[in-house]
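Sequence and predicted structure are below.
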Amino acid sequence: MLRLPSAKIAVVILAVVIFLSLFGSMLAPQNPLTINANALYQGPSLHHLFGTDYLGRDVLSRLMAGTRLSVLTAFEAVAIGLVIGAPLGVATVFLGRWFDFAANRVADALMTLPYIFFVVAVTAALGNGLVQAMFAVGFLLWPGFFRITRAATLEFARAQYVEAAELLGASKLHVIRVHVVRKVLPTMAVTTASATAGALLAVSFLTFLGIGVVPPAPTWGGVLSSDLDYLSQAPWAPFIPGALIAITVGALNALADAFRDRAGAGTLTPVSDPVIKTHSTLEVLEAAGDRQSAA
């Protein structure tokens, strides 16, 4: 995958973002919460590379410090959706029609919920924190993981080598672990990268509205929101956090596309799997060899 130029650029960008999410607060050139009434709305300069906001706070420091909340909470939402949805999507294929029917109906019901109202309700019940808000977003993400995993598992569960393993006495757990999970992983990698981009946009959108974050804690969406309130004094300001969000989301989408391009449809078909050679498959192989010899 890293042979693709887009994947290389995406990995570099995401590595920088993850590094800032871990160490951005310590590496910030200034205190992101310090108010300076003598430096309001200053443009980019050597002392303030990205300028200052309406309270004279250094924008670069606020963006670096806000990377932790913005990125790690997006990972939190994706992890919740993945942990709930992916195992459930695999399990429904092997646990019978009634379990499959019930899980699909629950997923359908959750997918109809408007996530903004659900997040507001959850934060009102659990407290106005970004962790609580992204717990709600993650809970609404699992139906997507569930449907994609279920569709991929259905394709491999009907493969001949799976049927042969079951006829030879393999348990369902063994079939899932050996013959299904490793083939579903490329699909889940693509889904996870795309879902992370969507979760990051959700974090930015919620913090832009002031949901899930308590001022003056810096976040990317919060910085963008405050900059939009003072466009007449600093018309350049919203472009900096907006570009940061757009570049990160674009890198995640590029990584998902690279996963998809390298995996391709071949990984989602059972042709490349090690086939358990039953009598029927041996006959097919022998027939193919006879045709080649005749040619």
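Noted; the coordinates are in hand.

my guess is residue 128 contacts residue 212, does it?
Yes: contact status for residue 128 versus residue 212: in contact at 6.5 Å, counting by C-beta atoms under 8 Å. No exception for glycine: its C-beta is placed from N, CA and C like everyone else's.

Show me which of these two is the more surrounded one.
Taking other C-beta atoms under 10 Å, residue 128 and residue 212 do not tie; residue 212 has more neighbours (29 against 14).

Now do the contacts for that one.
For residue 212, the contacting residues are 73, 119, 123, 128-130, 132-134, 203, 206, by C-beta atoms under 8 Å, 6 or more residues apart in numbering.

can you put these in TSV and add secondary structure?
Shown next, in TSV, are these (DSSP: H, G, I helix; E, B strand; the rest coil):
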residue	secondary structure
73	helix
119	helix
123	helix
128	coil
129	coil
130	helix
132	helix
133	helix
134	helix
203	helix
206	helix
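
Most widely separated two among those?
Farthest-apart pair in the contacts of residue 212 is 128 and 203; separation 14.3 Å (C-beta to C-beta).

If you drop the residues flanking it in sequence, what lies closest to residue 69?
Nearest non-adjacent residue to residue 69, counting by C-beta to C-beta, 6 or more residues apart in numbering: residue 219, 5.0 Å away.

What separation is there between that neighbour and residue 208?
Look at residue 219 and residue 208: by C-beta to C-beta, to the nearest Å, they are 9 Å apart.

Low-confidence bits of this protein, can you list those?
Low-confidence segments of the chain (pLDDT under 70): 163, 166, 169-172, 174, 263-295.

what about the helices in it?
5-27, 59-94, 97-111, 115-126, 130-157, 160-167, 172-175, 181-208, 220-228, 239-263, 279-294 (DSSP state H).

Make TSV out of those helices and add distance to residue 35 and mean neighbour count.
Output for the helices of the chain, formatted as TSV (distance: least, C-beta to C-beta, whole Å; neighbours: other C-beta atoms under 10 Å):
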stretch	distance to residue 35	mean neighbour count
helix 5-27	18	16
helix 59-94	12	22
helix 97-111	43	13
helix 115-126	27	15
helix 130-157	23	22
helix 160-167	63	16
helix 172-175	59	13
helix 181-208	20	22
helix 220-228	13	23
helix 239-263	19	19
helix 279-294	74	10
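
nearest to residue 42, of those?
Checking those against residue 42 by C-beta to C-beta gives helix 59-94 as the closest, at 9.4 Å.

Determine the angle, from 0 to 180 degrees, between that closest one and helix 239-263.
Angle, helix 59-94 to helix 239-263, by axes from the mean of the first three to the mean of the last three C-alpha atoms, to 10 degrees: 30 degrees.

Point out the other helices and strands that helix 59-94 packs with.
Packing contacts for helix 59-94, counted by 3 or more C-beta pairs under 8 Å, 6 or more residues apart in numbering; DSSP states H and E, involve helix 5-27, helix 97-111, helix 130-157, helix 181-208, helix 220-228, helix 239-263.

For residue 114, give me its contacts.
With contacts defined as C-beta under 8 Å, 6+ apart, residue 114 has no neighbours.

quick revisit: with distance to residue 196 added, can I get the contacts of residue 212 in JSON lines?
Converted to JSON lines, those look like this (distance: C-beta to C-beta, whole Å):
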{"residue": "73", "distance to residue 196": "11"}
{"residue": "119", "distance to residue 196": "17"}
{"residue": "123", "distance to residue 196": "21"}
{"residue": "128", "distance to residue 196": "24"}
{"residue": "129", "distance to residue 196": "20"}
{"residue": "130", "distance to residue 196": "16"}
{"residue": "132", "distance to residue 196": "19"}
{"residue": "133", "distance to residue 196": "16"}
{"residue": "134", "distance to residue 196": "12"}
{"residue": "203", "distance to residue 196": "10"}
{"residue": "206", "distance to residue 196": "15"}
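
Many thanks, we can stop here.
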